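**Q** I need the structure of the sequence given here:
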Amino acid sequence: MNFTILCFVLLFSGLVLAQYDGGSCSPDTCNLLIDFGARTEKLEAMETRLEDCENQILELRNKEQTKVIFSAVATAGDRAIGPFDEDTTLIYNMVLTSIGNAYNPSTGIFAAPVAGVYYFSIYYHAGGAREGKLFLYKNGLLMIATHDHKSNSDTADNGGNAVFLQLQQGDEVYVQLAANCHVWGSDIHTTFNGFLVTIM
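**A** Below you'll find the model as predicted:
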């Protein structure tokens, strides 16, 4: 495209020089050169806009290819996890699915790789001898909880909850087991799941 513009400039420059007489050019030639200059500026502006559009399309394609999905289970050899003396971050140490590597099974923390809206769910199973209570936090702020009271007559409790959260890149989401509560640590019962719904 730039080569084409250069050719036109040289062509019209030649026309001007050919009609140059005493330091002036004919009105037709001058008007033609002015018009050509204006069209050249418009063409360059169109090229810039086209490049911007191409960059935006490329950015959108990259965003579409961003996938974040995880599912993990808190395991403890088929026995209770807890109780602890204080609220404790629950480590979902057995990863079933991890696309995007956003969940860390060593810390129990999910860190958002991109800004967007995410969906999270938590589920647990526990015996009735103690309370079952889980909290889901975003950057230290409580977002949702699931809870069942202690019961002498109910030998098994199940609970769950889910939420959509708008996150910025680097925001952290994690689950804590409340103090003096427990959940069952088998390979199938107590889970933490999440996925990216849309990029913001």
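
**Q** in the top helix by length along the chain, what's buried?
**A** If you go by DSSP state H, the chain has its longest helix at helix 27-64. Buried residues in helix 27-64, defined by neighbour count with 16 or more other Cβ atoms under 10 Å: Thr29, Leu33, Phe36. All C-beta atoms are positioned from the backbone trio N, CA, C, and that covers glycine.

**Q** show me where the chain has helices.
**A** Per DSSP H, the chain carries helices over the ranges 2-18, 27-64.

**Q** so who does the residue nearest the centre of the chain touch?
**A** Centroid-nearest residue in the chain, with Cα atoms, centre = their mean: Val114, separated by 2.9 Å. Contacts of Val114 were listed using Cβ atoms under 8 Å, 6 or more residues apart in numbering, and they are Lys63, Thr66, Val68, Gln169, Leu196, Ile199.

**Q** please, a ChimeraX command that selects the buried ones among those residues?
**A** Buried residues among the contacts of Val114 (16+ other Cβ under 10 Å), as a ChimeraX selection:
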select :68,196
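
**Q** between the contacts of Val114, which is closest to Asn180?
**A** Val68 (33.9 Å; Cβ to Cβ).

**Q** the closest one contacts Ala115, correct?
**A** No: between Val68 and Ala115 there is no contact under Cβ atoms under 8 Å: 11.4 Å.

**Q** can you pull the contacts of the nearest residue in space to Tyr137 that is not next to it in sequence?
**A** Leaving out its chain neighbours, the residue that sits closest to Tyr137 by Cβ to Cβ, 6 or more residues apart in numbering is Tyr174, at 5.7 Å. By Cβ under 8 Å, 6+ apart, Tyr174 lies in contact with Thr89, Leu90, Thr107, Gly108, Ile109, Phe110, Leu136, Tyr137.

**Q** per-residue pLDDT, the last one?
**A** The predicted local distance difference test score for Tyr137 is 98.

**Q** for the first one, same thing?
**A** Thr89 is assigned 98 on the pLDDT scale.

**Q** can you report how many residues lie near it?
**A** Residues lying near Thr89 (other Cβ atoms under 10 Å) number 14.

**Q** any weak-confidence spans in the protein?
**A** Applying pLDDT under 70 to the chain flags residues 1-25, 60-65.

**Q** look up how far Asn101 lies from Val173.
**A** 15 Å (Cβ to Cβ, to the nearest Å).

**Q** compare these two (neighbour count), which wins?
**A** Val173 (23 against 11).

**Q** spatially nearest residue to the more buried one (excluding sequence neighbours)?
**A** Phe110 (4.5 Å).

**Q** Gly100: what's its closest spatial neighbour, skipping adjacent residues?
**A** Distance criterion Cβ to Cβ, 6+ apart; nearest residue to Gly100, sequence neighbours excluded, is Val68 at 3.7 Å.

**Q** ok, and the closest non-adjacent residue to Asp87?
**A** Once flanking residues are discounted, Asp87 sits nearest to Gln176: 4.7 Å by Cβ to Cβ, 6+ apart.

**Q** hang on, isn't Ala74 packed against Phe192?
**A** Yes: here Ala74 lies in contact with Phe192, judged by Cβ under 8 Å, at a distance of 7.4 Å.
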